[in-house]
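Engineer: predicted model follows, preceded by the sequence.
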Amino acid sequence: MKDSDDDLDLFRESVGSVRRLKTDRVRSRPPAPRAIPAQRQRDEARVLDDLANAPIDYSAVETGEEITYLRPGLQKRVLSRLRRGHWRVQDSIDLHQMNLEAASHSIRAFLEHADRERMSCVKIIHGKGLRSGPAGPQIKRLTARLLSRHDRVAAFASAPPNDGGTGAVYVLLRARR
């Protein structure tokens, strides 16, 4: 501490007396420009661009076109139970990427298989038909038409949203006689 005091005294002796200069110049600095969150703006622009130009995830879109069928003579509560998943799905088939002919053959073969195995409830995933263009969901209509004409089908209804929604159908099969 003694050395620093000696240095300070030596400095004052060397410089001598000083006086403040008077000037008309303003001493304060101009205000700093407002900060621009440039990175945040770039991030938000990128997100908007991604949302505008990204491919659409059609699996997340519901068309609202439920299909249902109840064989005459059955109570309506059978259909409501089927919609809610009252029966355990014993097997399922996925018709995605099939043309109408292949889907028709697959549905018929699947129903024969379910009949041989004595299943009571199955699921057919037909898709929502969102990529079918102006013709609409062709495989979905084919599925409904084939199921309503099949003698073993007691009822069918679009699956709940957590199990395919309007892109799948639960099928309740009648017991063999």
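Structural biologist: Cool, the structure landed.

Engineer: so which residues of this protein form strands?
Structural biologist: Under the criterion DSSP state E, the chain contains strands at 68-70, 91-94, 121-125, 153-158, 168-173.

Engineer: as TSV, these with mean pLDDT, mean neighbour count and distance to Ala45 would be great.
Structural biologist: Just so you know, the C-beta spots here come from the backbone N, C-alpha and C atoms, and that holds for glycine as well. Listed next are those as TSV, based on pLDDT from 0 to 100; neighbours: other Cβ atoms under 10 Å; distance: least, Cβ to Cβ, whole Å:
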stretch	mean pLDDT	mean neighbour count	distance to Ala45
strand 68-70	90	17	46
strand 91-94	92	15	39
strand 121-125	93	21	39
strand 153-158	92	23	40
strand 168-173	93	24	39
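
Engineer: let's have the ones you listed in JSON lines, adding distance to Leu100.
Structural biologist: Below are those laid out as JSON lines (distance: least, Cβ to Cβ, whole Å):
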{"stretch": "strand 68-70", "distance to Leu100": "20"}
{"stretch": "strand 91-94", "distance to Leu100": "15"}
{"stretch": "strand 121-125", "distance to Leu100": "14"}
{"stretch": "strand 153-158", "distance to Leu100": "19"}
{"stretch": "strand 168-173", "distance to Leu100": "17"}
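
Engineer: nearest to His113 among the ones you listed would be which one?
Structural biologist: Taking Cβ to Cβ, strand 91-94 is the member of the strands of the chain nearest to His113, at 7.5 Å.

Engineer: distance from the chain centre to the closest one, please.
Structural biologist: 22 Å (Cα atoms, centre = their mean, to the nearest Å).

Engineer: that strand packs against which elements?
Structural biologist: helix 100-116, strand 121-125 (3 or more Cβ pairs under 8 Å, 6 or more residues apart in numbering; DSSP states H and E).
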